[in-house]
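1. Need coordinates for the below:
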Amino acid sequence: MSNIPPPELPPNSSEEPMESAPNPAPKLHRKHKKQKKSNSYSNTRLRIVLGAINAAFIGLIGYALFIHTQHSDELNKFGTDRTLRSIKESALRGMITDRSGTVLAVSRYLRVPTFNPKAIYEPKRKGDPINWETISDEQFAKLAKILKLPESEVREKLKDISKTYWNSKAELSLSEADELKKLKIPSLRFEERSERTYPTGNLFSHIVGFANKKGVGLEGLERTENDNLMGEDGKQLVLRDRHQNIIELIDSPENKSARPGKTLVLSVNQEIQRLARSELQKTISRFNAKAGGVVVLDAKTGEILALSSLPDYDANFYQDYPDDNFRNFAVGVTMEPGSVFKPFVVAKAVDDGKINRYTNFNTNPFNIGSKTIRDVHDYPNLTTEGILQKSSNVGTSHIAAMYPSQTLYDFYHQIGFGRKTNSGVTGEQFTPIKPANQWGALDKAVMSYGYAITANLLQMAQAYTIFTADGKLLPVTIYKRDSAPDGEQVIKPSTAKLMREMMISVTRKGGSGVTGAIDGYDVGAKTGTAKKVVAGSYEDRYRASFVGFAPAQDPRLIVAVTIDDPRGKGYYGGLVAGPAFRGVMSGGLKILGVPPTNPINVAQPTVQQAVKTEEEKALETEILPE
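-> Numbering: from 1, shown residues only. Predicted coordinates for the structure are as follows:
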């Protein structure tokens, strides 16, 4: 092993033999010393940075403590100056329209501008002088014009810097409010409210009624439909500054848009309503009457096309009217209808086969106890049709005597007497029918010609639907219908047809209702004249009525008119209420485009000319043949 030679080193090798290699320890010692010096430098820098951060943090804490102790009032004020609030967005009250969309009641938004005088002139920095030129003369002039106030008053109010709130009381439309915003008056904000208006004034006041400034319905449909009309207010979260100006709208799930109230579409026709009111007003004025009413029904659907009562009021200025004007005469007054009731007794007996069109009756006066039943003119005998044409009390009394009291009671109740119509018209009054077990022979007789039983005018008009709707009693309504209702069958269609034919005789020569005749149309009708009860007894004061339909063969309209307490010459239904009936019916048929059913002979005197002659005679004698 000792003879093996040492390995040869490669050329250019730096390695030396072990025995000649120098000691590496000094080199290792020098390298460790350099690393230690670098670590010491890094630690020093870290300490400097951390020290700086600590110093800054301590400084911030100290500054915060200084601000908190020295300026706590200002900080508290700043915190309270920016507050979260919710503002109400008022819902607009729903509209009310007639059947064709004509607006009868509508609401609109109004904006009331308010200002903070102190905020307008408050200096931006403490110690600065007040700048009284914040609002220019031109701005003041335009502002006063928009607010409709004297400029001197506007200047005085806005320069009173002791105040933080001024409500101008000016109710501006949305366009006027936008005009005001353009002036850029500092601190301007708006308080919002809505205004209710009635474009047709008096025309529909008894139907629509009115709401007060708080948006609460007080009369008419405004009251009964208040919940539907009110809608639902909206809500918006906002951030306000210390002057209560809105500086930011806040997104929130609590926000909701205002929901406007329901729109009510009524059955009424504005043109027919205007016509009805005009004819009623002329008649009341002509006869110096106390009050009156007109009802117009669609003879096929039972919809109320017009319902007018006088006296009335303008719903826009309801505070200016006495309480009596708020009473809706057409539904709010029950009365003994008089002879307009007679067709029902006749219809009942015809329907039951007890009589026919030509049944003959002894119509001489007769007594029931101490009471004599008689007609205005004595007729020895009349047929069934004659009883209607001449309006015979005696004839209907004999027909009523054919029935037990309970049978008549049930029939009268079936055709709507003694109960409400439930039409939706407010203020309706009704009187129950006297129980049948309390009727005597006299009750049965006088009821047959419209005494001892009461009804309002709308009830009377509804009852006539049994003649126009093929024997069905139609439910009447103030709301527009999409289709005709089924109705309740009361008499046979054939009976209804026969009654229409017989009732035409009332408006022809010799009838009590010639004043209701219309050129070109057959009119079926009945007149009524009833004494009024005053202080528990009948006096020589009357209600004159006229109810009918046209064209008689296929009726389109039912018109009912009552004039309360006509004074002067004449008080009979045909004389007083007939002309108003004729005016409303003829005009209504034209408005609806109902063509004439009879040819008009221009060579002959018109019906209106003949009617005028009859009226002149009646005024001379103070009677019509009723």
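
2. Next, the distance between the ends of stretch 387-407.
-> This stretch, stretch 387-407, spans 22 Å end to end (CA to CA, to the nearest Å).

3. can you check stretch 453-469 too?
-> 24 Å.

4. In stretch 534-541, which residues are buried?
-> Residues of stretch 534-541 include none that count as buried (16 or more other CB atoms under 10 Å). Just so you know, the C-beta spots here come from the backbone N, C-alpha and C atoms, and that holds for glycine as well.

5. any chance you could map the strands in the stretch 1-150 of the chain?
-> 83-89, 96-97, 103-115 (DSSP state E, counting those that start in this stretch).

6. Adding mean neighbour count, mean pLDDT and distance to Gly353 as columns, could you present these in CSV?
-> Shown next, in CSV, are the strands of the stretch 1-150 of the chain (neighbours: other CB atoms under 10 Å; pLDDT from 0 to 100; distance: least, CB to CB, whole Å):
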stretch, mean neighbour count, mean pLDDT, distance to Gly353
strand 83-89, 12, 72, 67
strand 96-97, 22, 98, 48
strand 103-115, 19, 88, 48
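
7. Dump those into JSON lines; add distance to Val559 as well.
-> As requested, the strands of the stretch 1-150 of the chain are exported to JSON lines (distance: least, CB to CB, whole Å):
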{"stretch": "strand 83-89", "distance to Val559": "46"}
{"stretch": "strand 96-97", "distance to Val559": "23"}
{"stretch": "strand 103-115", "distance to Val559": "21"}
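
8. Among these, which comes closest to Leu239?
-> Minimum separation from Leu239 across the strands of the stretch 1-150 of the chain (CB to CB) falls at strand 83-89, 5.9 Å.

9. quick one: contacts for the nearest residue to Asn362 once chain neighbours are set aside?
-> Residue nearest to Asn362 in three dimensions, not counting chain neighbours: Asn381, with 5.6 Å by CB to CB, 6 or more residues apart in numbering. Applying CB atoms under 8 Å, 6 or more residues apart in numbering, one finds that Asn381 lies in contact with 360-364.

10. Among the strands of the stretch 1-150 of the chain, which comes closest to Ser537?
-> strand 103-115 (42.0 Å).

11. related to what we said a few turns ago, model confidence for the residue nearest to Asn362, exactly?
-> For Asn381, the pLDDT comes out at 94.

12. now swap in Glu622 and tell me
-> If you check Glu622, the pLDDT there is 39.

13. which SSE is Asn598 in?
-> For Asn598, there is no host helix or strand (DSSP states H and E).

14. for the stretch 101-250 of the chain, what spans make up the helices?
-> 117-121, 137-147, 151-158, 174-181, 205-208, 220-224, 226-230 (DSSP state H, counting those that start in this stretch).

15. In JSON lines: those helices, plus mean neighbour count and mean pLDDT.
-> Shown next, in JSON lines, are the helices of the stretch 101-250 of the chain (neighbours: other CB atoms under 10 Å; pLDDT from 0 to 100):
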{"stretch": "helix 117-121", "mean neighbour count": "18", "mean pLDDT": "87"}
{"stretch": "helix 137-147", "mean neighbour count": "15", "mean pLDDT": "91"}
{"stretch": "helix 151-158", "mean neighbour count": "16", "mean pLDDT": "91"}
{"stretch": "helix 174-181", "mean neighbour count": "14", "mean pLDDT": "86"}
{"stretch": "helix 205-208", "mean neighbour count": "27", "mean pLDDT": "97"}
{"stretch": "helix 220-224", "mean neighbour count": "22", "mean pLDDT": "96"}
{"stretch": "helix 226-230", "mean neighbour count": "18", "mean pLDDT": "94"}
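
16. closest to Gly536 out of those?
-> Per CB to CB, nearest to Gly536 of the helices of the stretch 101-250 of the chain: helix 205-208, 28.7 Å.

17. Output the closest one as CSV, nothing but the C-alphas.
-> The C-alpha coordinates for helix 205-208 follow below in CSV (Å, rounded to 0.1, in the frame of the first residue of the first chain):
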residue,chain,number,x,y,z
SER,A,205,-122.4,67.3,-6.9
HIS,A,206,-125.1,65.1,-5.3
ILE,A,207,-123.6,62.0,-6.9
VAL,A,208,-119.9,62.7,-6.5
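
18. Which other helices and strands does that helix contact?
-> Here helix 205-208 touches helix 220-224, strand 304-310, going by 3 or more CB pairs under 8 Å, 6 or more residues apart in numbering; DSSP states H and E.

19. could the ones you listed go into JSON lines alongside distance to Ala330?
-> As requested, the helices and strands packed on helix 205-208 are exported to JSON lines (distance: least, CB to CB, whole Å):
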{"stretch": "helix 220-224", "distance to Ala330": "13"}
{"stretch": "strand 304-310", "distance to Ala330": "5"}
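
20. Give me the contact list for stretch 166-178.
-> Residues contacting stretch 166-178 (CB under 8 Å, 6+ apart): 108-117, 146-149, 154, 157-158, 160, 180, 190-191, 193, 195.

21. measure it end to end?
-> OK, stretch 166-178 end separation, CA to CA: 19 Å.

22. chain center to it: distance?
-> 26 Å (CA atoms, centre = their mean, to the nearest Å).

23. quick one, what contacts Asp375?
-> Going by CB under 8 Å, 6+ apart, Asp375 touches 363, 365, 390-394.

24. Kindly give a single ChimeraX line that selects the buried subset of those.
-> The buried subset of the contacts of Asp375, as determined by 16+ other CB under 10 Å, is captured in ChimeraX by this line:
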select :363,390,391,392,393,394
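
25. hmm, back to that, who wins for proximity to Gly510 among the helices of the stretch 101-250 of the chain?
-> Across the helices of the stretch 101-250 of the chain, Gly510 has its closest neighbour in helix 205-208 (37.4 Å, CB to CB).

26. can you list contacts of the closest one?
-> Residues contacting helix 205-208 (CB under 8 Å, 6+ apart): 96, 104-105, 198, 220-222, 266, 268, 307-309, 312-315, 318, 326, 328, 330, 425, 427, 478.

27. Now that we have the residues you listed, which of them are buried?
-> Looks like the contacts of helix 205-208 have 96, 104-105, 198, 220-222, 266, 268, 307-309, 312-315, 318, 326, 328, 330, 425, 427, 478 buried, using 16+ other CB under 10 Å.

28. per-residue confidence for Gln608?
-> 53.

29. now Gln270
-> On pLDDT, Gln270 comes in at 97.

30. pretty sure Gly418 contacts Phe430?
-> Yes. Judged on CB atoms under 8 Å, Gly418 makes contact with Phe430 at a distance of 6.7 Å.

31. coming back round to it: quick check: which of the strands of the stretch 1-150 of the chain is nearest to Thr372?
-> strand 103-115 (50.7 Å).

32. and the end-to-end length of stretch 561-573?
-> Start-to-end, stretch 561-573 (CA to CA) is 9 Å.

33. before we move on, what about stretch 213-227?
-> Chord length of stretch 213-227, first to last residue, is 16 Å (CA to CA).

34. Same question for stretch 280-295.
-> 11 Å.

35. residues making contact with that stretch?
-> The contact list for stretch 280-295 (CB under 8 Å, 6+ apart) reads 276-277, 279, 304, 306-311, 328-330, 333, 457-458, 460-461, 558-568, 570-571, 576-577, 579-580, 583-584.

36. Whichever of those residues end up buried, select them in PyMOL.
-> Remark: buried members of the contacts of stretch 280-295, expressed as a PyMOL selection using 16+ other CB under 10 Å:
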select buried, resi 276+277+279+304+306+307+308+309+310+311+328+329+330+333+457+458+460+461+558+559+560+561+562+563+564+565+566+570+571+576+577+579+580+583+584
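
37. Much appreciated, bye for now.
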